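# sequence unknown, structure follows:
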DNA sequence: AAAACGGGGGC
DNA sequence: GCCCCAGTTTT
């Protein structure tokens, strides 16, 4: 299967792409940190509860981490995430004048921000051509035989070779939607998948 | 390279 | 009750 075939197929399946609550860089950064190792059904409501109280880097920076913890108790790793969100906000306020940085190098200096989170901010909020590789993207790319890789960093490099550049920023959202509904981590719904005729079903 | 962080949902 | 999950940091 060729990557551009898969991408156009996924675009037909999910015409609007992934529907983000908000593409503001700070909202994208905080919501993406909250989403780490945690399902959407939990993180989306929790992020909305959080921003209903603290809607700017300044308010978040001045917040008590324990008050933030109380708002996101159902999110995985909520204690460390609450502390990191306060620290991230302080750095953005003090070092970047309240504006989320727009380079990989600067984003990686923020606590709790790795390549996946940084690429979500760069791709979704700043519209840069990057591929955010999470477990969905890594699993689906290998399951479909698009790449043969052992880790997310390697997957990112290999996908950049086979995916048309104008689709890079959409790969994550499309594969997350596909991975949540059809090509799930365990017990994928192959019978209702429109790719079943050409899928090698690796994994 | 492996462990640790962690509550929620599927089975 | 057990296993896995929109990762990142630490050992």
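Cool, the structure landed. Keep in mind it's a predicted model, so treat the numbers as computed, not measured.

# in chain A, what residue is nearest DNA strand C?
Closest approach between chain A and DNA strand C, counting by C-beta to the nearest atom of the strand: residue A:114, at 2.4 Å. Using the backbone N, CA and C atoms, a C-beta is placed for each residue, glycine as well.

# which residues touch that residue?
Listed by C-beta atoms under 8 Å, 6 or more residues apart in numbering, the contact partners of residue A:114 are residue A:108.

# quickly list the domain ranges of chain A.
As given by automatic domain parsing, the domain ranges for chain A are A:3-18+A:130-192, A:25-125.

# what is the end-to-end distance of the first one?
What that stands for is domain A:3-18+A:130-192. Using C-alpha to C-alpha, to the nearest Å, one end of domain A:3-18+A:130-192 lies 21 Å from the other.

# the last one now?
End-to-end distance of domain A:25-125 (C-alpha to C-alpha): 5 Å.

# how far does it sit from its chain's centre?
Computed by C-alpha atoms, centre = their mean, to the nearest Å, the separation of domain A:25-125 from the middle of its chain amounts to 12 Å.

# again with stretch A:129-145
On the basis of C-alpha atoms, centre = their mean, stretch A:129-145 sits 11 Å off its chain's mean C-alpha point.

# which parts of that stretch are buried?
By neighbour count on 16 or more other C-beta atoms under 10 Å, the buried set for stretch A:129-145 is A:130-134, A:136-144.

# farthest pair within those residues?
The distance between the two most remote of those (C-beta to C-beta) is 22.2 Å, for A:130 and A:143.

# is stretch A:49-68 positioned near DNA strand C?
No: Stretch A:49-68 does not reach DNA strand C (C-beta under 7 Å from any atom of the strand); its nearest approach is 14.9 Å.

# touching that stretch from outside, list them.
Applying C-beta under 8 Å, 6+ apart, the contact partners of stretch A:49-68 are A:26-27, A:30, A:34, A:71-72, A:82-83, A:85-86, A:89-90, A:92-93, A:98, A:100.

# pull out the buried residues from the host helix or strand of residue A:66.
Per DSSP states H and E, residue A:66 falls inside helix A:65-71. For helix A:65-71, burial by neighbour count (16+ other C-beta under 10 Å) applies to A:65, A:68, A:69, A:71.
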